[in-house]
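1. Fold the stuff below for me.
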Amino acid sequence: MFALKQNDNEPTRRSRRARGTVEQAPRIWRAMLTVDAGLVRLAGRLRVSGGIPADLYGRPFLMAANHIGVFDAFVLMAACRRIGLAPRFLLAGGLLDTPVLGPALRASGHLRVDRGKASAIEQFAAAAEALRTAQGPIIVYPEGRISHDRGLWPERGKTGAARLALASGVPVIPISQWGAHEAVYWGTETVNGPADLVPLARSGLTAPLRRPTFRVHFGEPVDLSEFGEGRPGSGVRAHAKVMRAITEGLVPLRRDEPDVPRFHDPTRPTDTTSPWRP
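-> The predicted structure is shown next:
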């Protein structure tokens, strides 16, 4: 399963061959990825395993990842950059509308989704078309939020990512990650003032001293050919197959923490139970 392994300082031959994929990204996104790689390097140690089939470089595909903490998106970006990819995210519209970060994210080519709005159907169709014609991967979190499971196993999640893959007809790569939850506390569901940021700041500032290990595994493509778009229940079954693939890749990453994480985050809710837990 762990076909590709590399240390912190040596890019693989596959990474070198695919460097053009990163170079073709918008300049502002390349700059943000460079800064992000430095931030992740400062916060801890990144370990990447698995890989992406060579024929997917430069082509559109969906990457579905488990969501374990507020820092894990930064880790995913650094892991993708290491293997030569400059992924985009499917982001909530509110984030793309923020005064400073929003314009940079829009210029970087991220896809927008506004949950619960009347335009959701149109946006889904637009997202499927954008994914179908993209020059690289789009990262999605099928769970929709950081896991509330006591053991930090993936939550049940929603079918949107699977339905998007079926509608666009692109491959799906499962990403399993572990360790990013140790960098920064969960904090709070919504930030209502500076006091809500204190737990995040305290935990984040101590991460370089604790040096957690961030493990990211790129799994084999999930075959969804048995699920036809529009067939009753196809989205649910495709979603389940993707989530099981993510969980399968997660098991070896946390082999010594099969029950609950060793790192205790007192701010993270634990009010759900994962249906995918092995």
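
2. Please, where are all the strands along this protein?
-> Assigned by DSSP state E, the chain shows strands spanning 5-6, 45-50, 61-65, 88-92, 111-113, 137-140, 172-178, 213-218.

3. Nearest to Phe74, out of those strands?
-> strand 213-218 (9.1 Å; Cβ to Cβ). Yep, even glycine has a C-beta here, placed from its N, CA and C like the rest.

4. distance of the nearest residue in space to Thr190 that is not next to it in sequence from Phe263?
-> Sequence neighbours aside, Asp196 is the residue nearest to Thr190 in space, at 7.7 Å (criterion: Cβ to Cβ, 6 or more residues apart in numbering). Distance of Asp196 to Phe263, given as Cβ to Cβ, to the nearest Å: 21 Å.

5. just Ala73 next, same as before
-> Taking Cβ to Cβ, one finds Ala73 at 18 Å from Phe263.

6. Kindly report the same for Arg30.
-> Relative to Phe263, and taking Cβ to Cβ, Arg30 is found at 32 Å.

7. ditto for Phe71
-> From Phe71 to Phe263 the distance is 12 Å (Cβ to Cβ).

8. Check the gap between Ala161 and Ala167 for me.
-> Going from Ala161 to Ala167 by Cβ to Cβ gives 11 Å.

9. And for Asp256?
-> Distance from Asp256 to Ala167, by Cβ to Cβ: 39 Å.

10. Any regions of the chain where pLDDT drops low?
-> 1-20, 93, 114-123 (pLDDT under 70).

11. where along the stretch 101-250 of the chain do the helices fall?
-> Applying DSSP state H, counting those that start in this stretch to the stretch 101-250 of the chain gives helices spanning 101-107, 120-132, 160-168, 198-210, 234-253.

12. which of the ones you listed is buried the deepest?
-> Comparing the helices of the stretch 101-250 of the chain by mean neighbour count (mean count of other Cβ atoms under 10 Å), helix 160-168 comes out on top with a mean of 23.

13. what's near enough to touch the closest residue in space to Ser274 that isn't next to it in sequence?
-> Among residues not flanking Ser274 along the chain, Trp153 sits closest, at 3.7 Å (Cβ to Cβ, 6+ apart). With contact taken as Cβ atoms under 8 Å, 6 or more residues apart in numbering, Trp153 is in contact with Ser147, Thr247, Leu250, Ser274, Trp276, Arg277.
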